[in-house]
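# no sequence on hand, only this structure:
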């Protein structure tokens, strides 16, 4: 099937499909006129790729996982599992850092709010333009 049909069936744009192919995630054959033709099996593969992107994985990690789809080798499946766990742990650490950052910003906002409400000038820092900022 041609790229437009795969795009229609998967919800992926033609541009995304070309990117997936460039990254080695999907494959096509070329017609004499240079048009891409995909096997029907690529539709399921594109659905999986989109799900992995939605899960926060990048194309390099997805490329590491896809051999699991094409193999019955238990070692390949174990490698894919370990890669997914590692990526989940990376995302969990990123979330923890973001929460810490948000909490720090909330503390600054709270101090600034108290200052704006006139709770005092102690701790006010001149901003250089004649104003003060509570930090």
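In hand now; what should we look at? Because the structure is a prediction, the values reported are computed rather than measured.
# quick one: contacts for the residue minimising distance to the centre of the chain?
The centroid of the chain falls nearest to residue 56 when counting by CA atoms, centre = their mean (3.4 Å). When the contact criterion is CB atoms under 8 Å, 6 or more residues apart in numbering, the partners of residue 56 are 87, 91. (Each C-beta comes from the backbone N, C-alpha and C, glycine too.)
# swap in the one 3 residues further on?
Neighbouring residues of residue 59 by CB under 8 Å, 6+ apart: 19-20, 23, 25, 53.
# recalculate using a threshold of 10 Å.
Contact partners of residue 59, counting by CB atoms under 10 Å, 6 or more residues apart in numbering, are 19-20, 22-25, 49, 52-53.
# before we move on, back to that, now do the SS call for the residue nearest to the centre of the chain.
Using DSSP: H, G, I helix; E, B strand; the rest coil, the structure places residue 56 in coil.
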